[in-house]
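In: Structure for this input, please:
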Amino acid sequence: MRAGIIAIGDEVVSGDVIDTNTLYISRKLTISGYTVELRLQVPDQQESIIRALDYSLPRVDLLIITGGLGPTGDDITTCVVAEYLGFGCRQSEKGYMLLEGAEEIENDVGMIPGMLIRVDNSELLLMPGVPEEMRNIFDRFISRTSASSKPHLTFRTCGITERMLHEILSSVFQDLKGFHFYPSWRGVDLKIMPDNQEEIQNIRERVIEVIGDYVYAEEDIEIEEVVGEMMRREGFTISVAESCTGGLVESLITDVPGSSDYFMGGITAYSNDAKIKLLNVLPKNIKNYGAVSERVAEEMAQGVAKVFKTDIGISTTGIAGPTGGTPEKPVGLVYMGVHINGETIVERRVFRPPRGRVKIESSTYLLFMLYRRLKRK
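Out: Next up, the predicted model:
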């Protein structure tokens, strides 16, 4: 099954908005058994949309279109597609346009539904460009397609680069055909679509054998959800002490519904004075070792657990940049601590700039440290 994607919007073409929709759709299509033949970006212009349709429709079995379905004057996608295909186009009570004859796919997080229509031997799906709305509609659509039943493997990893994963797996498998790597600042996702479905369990076992230390999930779930469920299962409570990550770890933890079952609170102690007064870090350790040090990360994790009376305390202290680095302590250096019931471990890692990447990678890796610690229990 061949698929194509057209993202429509002046802001997408200009680069003012990052096109995360196409990436999301491509991944979902690939693991659902489709071959993505094309991905196009076009502005909110009738001529551009028509040229994209002329090029795409003869080449695919499924064409996905996102963007330009709203109620404003530049949202012309629906009516351009309708005219191109010879269908009617009518205005809804809320001002957006509907493609007559199309099956509407419910949108739980917005007002504009998805619109699915068959064109000769192909299907065409129109969806709004707002990422949350698009995902809500597309997930509902892809879950019911026949292609989605094709078996596949998913491995979510942390603490290892795409290059390292590729090298390790190349030493085990003669051919990495069907292996798809999706790197981000939070880790690398590995999706495997084997040609021989009878070998899928054998492939899984071999993959786990060589990269299992870096895998935290075998489904599309974030690390904060995984550790949240582990803490809930064990009856643990947690608190967080942050410096360089500025509250991002707490934000990730509380993004999970029901996190109030185990998350008791956090302290963002950015200054040395705050570390001393709020977390009971010893002034002599900051003087002797520096605020960015193993000893301070250890005391921050222990201190926050004591303040909130939690089973677990975790911490970050580092240099997010772009300034503040030295040869001994470069930009990107972060110490991360995990304290559980009297035992504290600290890891030192140097993450790559820019500042945002350092914060995201270190926050994610800290939760991965916690995952590995909880897994040992």
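In: For the closest residue to Gly337 other than its chain neighbours, give me its contacts.
Out: In this structure, Gly337 finds its nearest non-sequential neighbour in Ala301, 3.5 Å apart by Cβ to Cβ, 6 or more residues apart in numbering. C-beta here means a position set from N, CA and C on the backbone, and glycine is covered the same way. Taking Cβ atoms under 8 Å, 6 or more residues apart in numbering as the criterion, Ala301 is in contact with Ala241, Gly313, Ile314, Ser315, Gly337, Val338, His339, Thr344, Val346.
In: can I get these in TSV with distance to Val210 and secondary structure?
Out: Shown next, in TSV, are those (distance: Cβ to Cβ, whole Å; DSSP: H, G, I helix; E, B strand; the rest coil):
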residue	distance to Val210	secondary structure
Ala241	35	strand
Gly313	33	strand
Ile314	28	strand
Ser315	31	strand
Gly337	29	strand
Val338	25	strand
His339	31	strand
Thr344	30	strand
Val346	27	strand
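In: got a winner among those for most neighbours?
Out: If you count neighbours using other Cβ atoms under 10 Å, the busiest of the contacts of Ala301 is Ser315, which has 35 neighbours.
In: Can you name the residues that contact Leu85?
Out: Ile117, Val119, Leu124.
In: Val109 versus the last one, what's the distance?
Out: Looking back up the chat, that one is Leu124. Using Cβ to Cβ, to the nearest Å, Leu124 is found at 22 Å from Val109.
In: do the same with the first one
Out: Ile117 sits 22 Å away from Val109, taking Cβ to Cβ as the criterion.
In: do the same with the second one
Out: According to Cβ to Cβ, Val119 stands 27 Å off from Val109.
In: quick one, phi/psi of Ile208?
Out: When quoted as degrees, to the nearest 10, the phi and psi of Ile208 stand at phi -60, psi -40.
In: Gly356 too?
Out: phi -60, psi -40.
In: Number of residues surrounding it?
Out: Neighbour count of Gly356, defined by other Cβ under 10 Å: 12.
In: next one: Tyr182
Out: Residues near Tyr182, counting by other Cβ under 10 Å, number 15.
In: And Arg163, by the same measure?
Out: Each residue near Arg163 was counted by other Cβ under 10 Å, and the total is 11.
In: hmm, back to that, who has more neighbours out of Leu124 and Val109?
Out: Remark: of Leu124 and Val109, Leu124 carries more neighbours, 23 against 12, as counted by other Cβ under 10 Å.
In: picking up where we left off before, can I get the contacts of Ala301 in JSON lines with distance to Gly324 and pLDDT?
Out: Converted to JSON lines, the contacts of Ala301 look like this (distance: Cβ to Cβ, whole Å; pLDDT from 0 to 100):
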{"residue": "Ala241", "distance to Gly324": "20", "pLDDT": "98"}
{"residue": "Gly313", "distance to Gly324": "25", "pLDDT": "98"}
{"residue": "Ile314", "distance to Gly324": "23", "pLDDT": "98"}
{"residue": "Ser315", "distance to Gly324": "19", "pLDDT": "98"}
{"residue": "Gly337", "distance to Gly324": "20", "pLDDT": "98"}
{"residue": "Val338", "distance to Gly324": "25", "pLDDT": "98"}
{"residue": "His339", "distance to Gly324": "26", "pLDDT": "98"}
{"residue": "Thr344", "distance to Gly324": "25", "pLDDT": "98"}
{"residue": "Val346", "distance to Gly324": "20", "pLDDT": "98"}
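In: sorry, back to before: buried set for the one helix or strand the residue nearest to Gly337 maps to?
Out: According to DSSP states H and E, Ala301 maps onto helix 294-308. The neighbour-count check on helix 294-308 (16 or more other Cβ atoms under 10 Å) flags 294-305, 307-308 as buried.
In: same check, this time on stretch 75-92
Out: Across stretch 75-92, burial judged by 16+ other Cβ under 10 Å covers Asp75, Ile76, Thr77, Thr78, Cys79, Val80, Val81, Ala82, Leu85, Phe87.
In: End to end on it, go ahead and measure it.
Out: With Cα to Cα, to the nearest Å as the measure, stretch 75-92 spans 14 Å from end to end.
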